[in-house]
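When you get a sec, could you give me coordinates for this:
(chains A and B)
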Amino acid sequence: MQIAAAVARPSFKDMLLRAWRSRFIFWVERRIPPARNIVLSHRNIFIIPNKQGLGFLLVLALMFIGAINYEISLAFALVFLLIGVFVLTIFYTFRNLAGLHLSAVPGSSVFAGEKAEIIVILNRHGERCYESVQVSFPGSRKLSCDLLEATEQRLTLYVPTEKRGYFAPGRLVVETVFPLGICRAWSLLDLDFRTLVYPRPEDCDLDWILSNQHHTGNTTIVRGNDDFHGLRDYREGDSLKHVAWKILARGQGMYTKEYSSNIDEKIWLRWDMFPTLDTEKRLSRLCWCVIKLDAAGIDYGLELPGFRLQPAKGQVHYQQALQALALFGLPAGAGA
Amino acid sequence: MSKLAGVIPLWRKTNTASKKKVAAKTTEFYQIPRTAFIWLLASVVAVIMPHVTHLPIWLGCVCGLCMAGRVLIWQGRMSLPGNRIKLALVLVMVVLIVVQFGRNVFSTDATVGVLLVGITLKLLEMHRPRDVLTVLYLCYFTLVAEFIYSQAIVVALYSALVAVIITSALISLNQSEDSQRPWRTFRLAGIMLAQSVPLMAAFFLLFPRISPLWSVPLQSKNGVTGLSDSMTPGDISQLARSADLAFRVKFSGEAPAYSELYWRALTLDDFTGRQWRHGLILDLPQSLRANTTDNRPWFQNIEYLGRTVDYNVILEPTYENWIYTLEMPQIHDDRMLMGRDFEVGTIRRITQRYTYDVRSTLDYRADATDDGLSQRRARRVPTETNKRAFAFATELRKTAASDEDYIRSVLDYYRNEKFFYTLSPPKLGDNPVDEFLFDTRSGFCEHFASSFTFLMRAAGIPARVVTGYMGGEFNPYDSTLTVRQYDAHAWSEVWLPGKGWQRVDPTAAVAPQRVSQGSNMTLKQEKEFMDEAGFSLMRFRDSKLLNDLRLQLEMMDYSWNRFVLNYNQDMQLQLFNNLFGTMTRLKMLLSVIAFMLCITLFVVLVIFRKSAKTPLPPATRHYLNFCDYMAGLGFPRHTGEPPLQYLERMSRQHPQWRHELEGITREFIHLAYKSNQPDPLVLKSFQRRIRRARLLS
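Numbering: from 1, shown residues only, chains lettered A, B, ... in the order given. So this is what the prediction gives:
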């Protein structure tokens, strides 16, 4: 809550900065239009000396003063040589991005609040090598990669999501300070890319739902004894509760334990099951039910205003249900 | 299905997980990449190395210990020192430096010492990437400090190498650990520095040189060999142990005869009985400054009679106020002034290599009439000591017909009695002139000059001792004259009415070889000669091959000194004048700005050109050439028109070309789209086919 207080009264400097940033973003939007595959060139690379570069210049200035005061020809020569290096570095840093091809593909879909998985693909065509190129989305970690022997690199970035629906991450930041770290070349790219985010699942009383089903027929719900199903590689975002700690402790890597429950039933999940809740809450509960039922292997159908999915099970059905929940009420093509 | 199995409990956990991450970030400890660390250490070692010789030993040890400590920390055998230890280390260092340098704590030596200790201590405090950068930037800075001590070619080359190493370290810092290839990094750094050389050269030539902003503490005279402003028996023979460079001379015309190469510096006319001192106790430039008005009367006392010689001298730093010239110099240089005894002094002490142009008139007459003062000063003689010599002089003067006759008989005395010219004469007691003239009879030039001058004064003839250098070594490759410390010499000047001051060299009476061939030839048998020269090529002058090599290296060194190290405001202006006619400061500034613009333009052009062009595959290139050719005939391919469609259109218009066109198009499609890596031979035949097709209209 301290942060809120700080945000409440922005200083003049902050306002200026924000105004400047929004102008810049507006300018960037026009300068680098969205595209699925972008080649970096002088049209979309920005380059400027960074803090370290200013430090470098400061040292050069000090050396220059030394050269003047002691009247040392060689010191002049050295300073001029390093000025030359500085100028060249601008070019070299630029060249460490220029000609790079970038595109992105979505990884697996996620629920709101989790981190969306986005795979950025960097390609080089031709002889030129690239080193220490860093890519990041707003909110994600920076990943660095080299294109020396390889001609293609795939980097998986995780971007936090908040809302359901189509999610387009902010502009991809491609940057590099290679070789000397005194200049920063960067570009802000819109890779014209979106990924689906399902509603945030929210816990609800599944028993109550099941008992209120309008159907006759025997329900045998096996609950509480989820069977251990197998192991798979740990992925960022997996619950730490399900990590196979024993295996990790043996030093054999990080795995996630999988469980499966066996529930055998046909169930209708309906919009009006939660009459007291607002739209988002309802969607969250329904989402939770879908996940649970799918995990239990029970047939389920989904009924939303203007949408109806016949009871079934399986991967395709599951995704159809989640997609319907994710896009419910959103204008067609929103976020795209 | 399996993908989502682990997902369910996650949304409850997100909050705590993110908190944990923040906590981890604040305690994260920066670890310098392994290879970068080695580069860093190499840079520091390379930067400190050349300073080891002139640093106090303990300072070198501290640097070594710090580096060793850093290596141990890096290996994990030690932890980074805490704040208290660091504070203690800094305090100890400050105290040690103050104790070591005492009053000279602001001297260059002390500053460099502080700098080096700073770098090595900083090695022990590297928590952030910024700390590593600081060390590397300081390394660059220390290279400048190295040039204060020496700017020889070797030092320049070494520094270039060190600059490459430091730059490699910078590059390595920005490389991932997986793609560290030391040689590639080094090569990249080397290429970058090499590519900066043209820019450096242009800047070096064109960038306006500014006079020093404030006076800097210069290093002390310690360890610099050279003449001083007094002379005691043994002083000059001490210099003969050294082969250090004193100065280099380039004559613009014919050089004078060897025996005329008396490089005059100071007149010593105050004799204590043992020591000859510069008569005016006042500091030299002060005494000169008092006479800066144009009516310096003694200039009118010089008559220039004949042969003149012009030459340029590059003097090594002496930390003194005078320069060396042939007699009788005419100076047109506002950095220096001529004194009463025709010595030339400089206004500032010579702490840097110093270049000057002189015209000397070899035949002259100076102070032909007695002006009272300088002659009186040159007759003073202490009577308490050296009584035997005094009596000897009085006796000899009585038998001589004239002053000239007396001089001749004194020189004859040196020649006829058994006097020895040697570097290691016996020690002299309280009456040095007496003992030398009548007992030991062996000495170096200062003994002869001193005793001769004494004998003159004792007989009432004004006389004074002159110190400087005599001779030198001609380099046949660039015809420069190199004067070394072992060429140091002392001789006398006597004043004769109507003739003025005359140079008399009593050493020539004893060892004529010294004056005709130089001390090198005369003294090389003596074991003290050059015994402080260390291991240098000077030792192998008897081997023709090595001697030639040495002389060529010296020639290079001379050009280096003359054209690189001495490039200053004056030379810059001269260069501009030669290039663009008369140059004003404004014009110069404008040309510099124009030059910078050119460079910027060049860089921009390079960037745009490189990025605009992506080389086309050869088959496409050939096909496009063909299309151009067709366009030249008046049948251009439309923008974006596919080759097959183009073929179709052309075939309809010109059925007679169909066969040829179809062949080319099909082959192009095959080469461009159907084969991955076209065979160069096939490509060649494709190209030939297109060339042949040109003949078809």
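
got any ranges where the stretch 501-650 of chain B has weak pLDDT?
Residues of the stretch 501-650 of chain B meeting the criterion pLDDT under 70: B:531-541, B:581-585, B:603, B:606-615.

can you do 50?
For the stretch 501-650 of chain B, residues meeting the criterion pLDDT under 50 lie at B:612.

what's the burial count for the one residue in chain A that gets nearest to chain B?
Of all residues in chain A, residue A:84 sits closest to chain B, at 2.7 Å by C-beta to the nearest C-beta. (Glycine included, C-beta is placed from N, CA and C.) Number of residues near residue A:84 (other C-beta atoms under 10 Å in any protein chain shown) recorded here: 23.

helix, strand or coil for the residue lying closest to it once chain neighbours are set aside?
Spatial nearest neighbour of residue A:84, chain neighbours left out: residue B:196 (2.7 Å); criterion: C-beta to C-beta, 6 or more residues apart in numbering or on different chains. In three-state terms, and counting by DSSP: H, G, I helix; E, B strand; the rest coil, residue B:196 is helix.

Please name the residues that touch residue B:196.
Counting by C-beta atoms under 8 Å, 6 or more residues apart in numbering or on different chains, residue B:196 touches A:81, A:82, A:83, A:84, A:85, A:87, A:88.

Arrange these in JSON lines, one row each, with secondary structure, distance to residue A:36 and pLDDT as further columns.
Listed next are the contacts of residue B:196 as JSON lines, based on DSSP: H, G, I helix; E, B strand; the rest coil; distance: C-beta to C-beta, whole Å; pLDDT from 0 to 100:
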{"residue": "A:81", "secondary structure": "helix", "distance to residue A:36": "44", "pLDDT": "95"}
{"residue": "A:82", "secondary structure": "helix", "distance to residue A:36": "42", "pLDDT": "95"}
{"residue": "A:83", "secondary structure": "helix", "distance to residue A:36": "41", "pLDDT": "93"}
{"residue": "A:84", "secondary structure": "helix", "distance to residue A:36": "40", "pLDDT": "92"}
{"residue": "A:85", "secondary structure": "helix", "distance to residue A:36": "38", "pLDDT": "94"}
{"residue": "A:87", "secondary structure": "helix", "distance to residue A:36": "35", "pLDDT": "89"}
{"residue": "A:88", "secondary structure": "helix", "distance to residue A:36": "34", "pLDDT": "90"}
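
Around chain A, which positions in the stretch 151-300 of chain B sit nearby?
With the criterion set to C-beta under 8 Å from any C-beta of the partner chain, the stretch 151-300 of chain B comes near chain A through B:151, B:155-156, B:159, B:163, B:167, B:170-171, B:173-176, B:178-179, B:188, B:192-193, B:195-200, B:203-204, B:207, B:209-216.

Quick check on the residue nearest to residue B:230 when sequence neighbours are not counted: phi, psi?
Distances taken as C-beta to C-beta, 6+ apart put residue B:277 closest to residue B:230, at 4.6 Å, once the chain neighbours are dropped. Dihedral pair for residue B:277: phi -130, psi 160, per degrees, to the nearest 10.

Hmm, residue B:242 is touching residue B:227, no?
No - using C-beta atoms under 8 Å, residue B:242 is not in contact with residue B:227; the gap is 11.6 Å.

With neighbour numbers in mind, choose between those two.
residue B:227 (23 against 20).

Could you grab the helix/strand/coil label for that one?
Of the three states, residue B:227 takes coil under three-state DSSP.

From chain A, how far off is it?
Residue B:227 sits 24 Å away from chain A, taking C-beta to the nearest C-beta, to the nearest Å as the criterion.

can you pull the contacts of the closest residue to that residue other than its chain neighbours?
Closest residue to residue B:227 apart from its sequence neighbours, by C-beta to C-beta, 6+ apart: residue B:467 at 5.4 Å. Residues in contact with residue B:467 (C-beta under 8 Å, 6+ apart) are B:227, B:231, B:236, B:265, B:266, B:268, B:488, B:489, B:490.

Now name the helix or strand holding residue B:467.
Per DSSP states H and E: residue B:467 is located in strand B:463-470.

Direction included, what does that strand pair against?
If you go by DSSP bridges, strand B:463-470 pairs up with strand B:262-268 (antiparallel), strand B:488-496 (antiparallel).

what ranges of chain B fall below the confidence cut-off?
Under the criterion pLDDT under 50, the flagged ranges of chain B are B:1-27, B:281-295, B:612.

How much space separates the residue of it at minimum distance from chain A from residue A:173?
Closest to chain A within chain B is residue B:196: 2.7 Å, counting by C-beta to the nearest C-beta. Applying C-beta to C-beta, to the nearest Å, the value for residue B:196 to residue A:173 is 30 Å.

for residue B:317, same thing?
55 Å.

For the residue most central in space within chain B, which non-adjacent residue is closest in space?
Centroid-nearest residue in chain B, with C-alpha atoms, centre = their mean: residue B:151, separated by 2.2 Å. Distances taken as C-beta to C-beta, 6+ apart put residue A:74 closest to residue B:151, at 4.8 Å, once the chain neighbours are dropped.

repeat for residue A:139
Nearest one to residue A:139, counting by C-beta to C-beta, 6+ apart, is residue A:160 at 5.0 Å.

and the one you found, what does it touch?
Residue A:160 is in contact with A:113, A:114, A:115, A:116, A:139, A:140, counting by C-beta under 8 Å, 6+ apart.

Just give me the closest of the residues you listed to residue B:592.
Using C-beta to C-beta, residue A:140 comes nearest to residue B:592 of those, at 46.7 Å.

Could you grab the helix/strand/coil label for that closest one?
coil.

care to break the chain down by domain?
Using chain A. By the assignment in automatic domain parsing, chain A contains the domains A:34-197, A:206-226+A:261-327.

my question was about chain B
Chain B breaks down by automatic domain parsing into domains covering B:29-194, B:230-374, B:380-463+B:494-531, B:569-612, B:618-696.

so which of those gets nearest residue A:305?
Closest to residue A:305 of those is domain B:618-696 (C-beta to C-beta; 48.2 Å).

Briefly note if the closest one comes near chain A.
No - using C-beta under 8 Å from any C-beta, domain B:618-696 stays clear of chain A, coming no nearer than 14.0 Å.

how far out from the middle of the chain is that domain?
64 Å (C-alpha atoms, centre = their mean, to the nearest Å).

do stretch A:65-77 as well
From the chain centre to the centre of stretch A:65-77 is a distance of 52 Å (C-alpha atoms, centre = their mean).

now what about it, what contacts it?
A:63-64, A:78-79, B:141, B:144-145, B:147-148, B:151, B:155-156, B:159, B:200, B:204, B:207, B:209-216, B:352, B:564-568.

quick one: terminal-to-terminal distance for it?
End-to-end distance of stretch A:65-77: 13 Å, with C-alpha to C-alpha, to the nearest Å as the criterion.

try stretch A:110-129
35 Å.

Just the mean pLDDT for it, thanks.
Mean pLDDT, computed over stretch A:110-129, is 87.

in that stretch, what's buried?
Residues of stretch A:110-129 classed as buried by neighbour count (16 or more other C-beta atoms under 10 Å in any protein chain shown): A:110-118, A:120, A:122-124.

Cross those against strands and list the overlap.
Secondary structure from DSSP state E places A:110, A:111, A:115, A:116, A:117, A:118, A:120, A:122, A:123, A:124 of the buried residues of stretch A:110-129 in strands.

how about the residues of the stretch 301-450 of chain B that lie near chain A?
Contact residues (C-beta under 8 Å from any C-beta) of the stretch 301-450 of chain B with chain A: residue B:352.

how about the helices in the stretch 301-450 of chain B?
B:373-377, B:387-399, B:403-416, B:432-434, B:445-458 (DSSP state H, counting those that start in this stretch).

hey, what's residue B:313 bridged with?
Beta-bridge partners, per DSSP bridges, of residue B:313: residue B:249, residue B:356.

how close does it get to residue A:322?
For residue B:313, the distance to residue A:322 - C-beta to C-beta - is 91 Å.

which stretches of the stretch 1-150 of chain A have low pLDDT?
Where the stretch 1-150 of chain A drops to pLDDT under 50, the residues are A:1-7.

Lovely, talk soon.
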